[in-house]
Each structure stands twice: as structure tokens, then as C-alpha cells.
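[1] make a model of this:
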Amino acid sequence: MAWGKAGEADGTAQIRGGRSSRSIIGSDVNLTGNLSASGDVLVEGELIGDVTCANFALGASGRIKGNVTAQHATLGGTVEGTVVATELVIEKSARVLGDVAYESISVETGARVDGRLSQKSAQPNELKLVNSGLE
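    Numbers count the residues shown, from 1 in each chain. Model prediction:
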């Protein structure tokens, strides 16, 4: 799973940027409770509860039973709940069982979303620059 960068040599996901604090739930961890962070969150294990953070990454082995709210989110595992993100990437290994709200979205071939997709509108008078990738 990659999030702005190629995955590390050990196959774990990387979080975009690297300037803020990181919270990691490893693949051997099962956690029950809501998680709120001002920085980045990486889940490789299982979380039963809601997640709210700036940047969120869910590894292919990760599983969440709850809602996810983030500015930037990359999903590689399974989410059973609502996902709300400004920028959302749903990788081919991802399974989303719930509604998804986003401003921009990328869904890889093979990903599964069982729920409604709805695009959130940008704030009025807000200019959003989009990189076309044709540099």
C-alpha cells in the first residue's frame, strides 16, 4: 500500500508527508474504542470504533468496524462504516461496506464499495488546484 510514497521494504504502508506525528496500530493489534488524532494514523491491525485524523492509511491487512473521517485517506483493507475524506484513494485490495463522501476520489480496479458514493462540494469561493499529472 502506498500513500504518496512507495511502500517500505517490509511491506507496511507509509503515510503521506511525514511532518506530523504518527500513530500506528500494527497488524498484531486489536483495538476497541474511538481514535482521534491531530496527525497521521496507520492501521494494519483491527480497530472497532471511529477514527478521526488528518491523514489516514489502512493497510491491506487492516480492518475497521466504525466510521473514518480524514482529510486524506488511503484504504487498502476493509472498512465497515462510513468514510468521509477530502481526498480518498481506494486501493484494489480494499473493501468498503458503507457510504463514502469525498471531494476527490481514486478507485483502483478490483476495489469493492458496497454503499453510496457522494461528492462533497468544496467551500464556496474556494479555489482548488488539481494536478493533472501531465508535467
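[2] show me what contacts the residue nearest the centre of the chain?
    Nearest residue to the geometric centre of the chain (Cα atoms, centre = their mean): A73, 2.7 Å. For A73, the contact set (Cβ atoms under 8 Å, 6 or more residues apart in numbering) comprises N55, F56, A57, L58, V83, A85, E87, L88, V89. The C-beta positions use only the backbone N, C-alpha and C, and glycine is treated the same way.
[3] let's verify it: helix, strand, or coil?
    When classified by DSSP: H, G, I helix; E, B strand; the rest coil, A73 comes out as strand.
[4] distance of the nearest residue to it once chain neighbours are set aside from I24?
    Nearest residue to A73 in three dimensions, chain neighbours excluded: A85, at 3.9 Å (Cβ to Cβ, 6 or more residues apart in numbering). Separation of A85 from I24 (Cβ to Cβ, to the nearest Å) stands at 19 Å.
[5] so, low pLDDT: which residues of the chain?
    Residue ranges of the chain with pLDDT under 70: 1-20, 122-135.
[6] can you give me the strands in it?
    Secondary structure of the chain (DSSP state E): strands at 22-25, 30-32, 35-36, 40-43, 46-48, 51-58, 63-65, 68-75, 78-80, 83-90, 95-96, 100-107, 112-113, 117-119.
[7] all set, thanks.
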